[in-house]
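Enquirer: everything below, folded, please.
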Amino acid sequence: MDILILGARSALAVMLLVAAGAKLSDPAGFAAAVRLFLPLRLTRRLVLGCALGIALAELVLGTASLSSPAVVWLNPVIFALACAFVAVSAAGFAFHRGRACKCFGTLSHRNFDAWSVLRSVGIAALAAVGMWGVHPASVQVGPLQRLLLFTAALLLALVASTAARSLAVAGTEPRSIAK
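Expert: Presented below is the predicted three-dimensional model:
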């Protein structure tokens with residue numbers, strides 16, 4: 001059971017890192033999606049700040065979760081974030097159907113639709129599994145391993161950011177597995 005729980009946590013951490021890296025490659029593009037959910041009177045600078053805050057929160061949570069699996073308070077925080085994803089997807093579907101969500105920057109050209117709500121519910125379910133407890137021996141990570149996992153997490157976000165930027169410059173859309 002520990003493998004399933006730790007696999008869920010790891011998958012979520014990687015997803016957060018990829019999403020953060022992709023968002024950070026085009027903060028203005030992600031800010032346009034964030035603008036859909038904020039009061040119109042906010043300045044462009046504040047909306048961009050909100051977008052950067054979301055991306056940095058995903059980066060911090062993904063890095064911390066991957067490199068420090070024994071820190072149990074991260075799991076409810078990630079679950080709460082996943083529930084926020086569900087709320088945003090549902091609101092996007094209800095009020096901004098067909099608009100780009102920019103959840104993964106230019107790595108994905110998904111829109112707010114019924115599938116986005118379903119995907120978000122799946123992410124929240126995965127986060128719920130990640131909140132289950134595991135045997136302490138399963139999450140023991142020494143200082144060197146923690147440093148290596150921390151570095152790998154940041155490299156993953158950097159690779160995602162570079163890939164997203166490359167796609168944006170090339171003007172190509174990523175291919176979807178299911179069309």
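Enquirer: what's near enough to touch V129?
Expert: Neighbouring residues of V129 by C-beta atoms under 8 Å, 6 or more residues apart in numbering: L4, I5, A8. C-beta: built from backbone N, CA, C; applies to glycine.
Enquirer: can you pull the buried residues of the helix or strand where it lies?
Expert: Taking DSSP states H and E as the definition, one finds V129 inside helix 114-130. Within helix 114-130, the residues scored as buried using 16 or more other C-beta atoms under 10 Å are S116, V117, R119, S120, V121, I123, A124, L126, A127, V129, G130.
Enquirer: between the residues you listed, which is nearest A90?
Expert: Closest approach to A90 among the buried residues of helix 114-130 (C-beta to C-beta): V117, at 5.4 Å.
Enquirer: give the contact list for that closest one.
Expert: V86, S89, A90, F93.
Enquirer: without its sequence neighbours, what residue ends up closest to it?
Expert: Of all residues not flanking V117 in the chain, S89 sits nearest, at 4.5 Å (C-beta to C-beta, 6 or more residues apart in numbering).
Enquirer: any residues touching the host helix or strand of the one you found, and which ones?
Expert: For S89, the host element (DSSP H and E) is helix 74-95. Identification of contacts with helix 74-95 by C-beta under 8 Å, 6+ apart yields 9, 12, 16, 36-37, 57-58, 61, 64-65, 68, 99, 101, 103, 112-114, 116-117, 119-121, 123-124, 126-128, 130-131.
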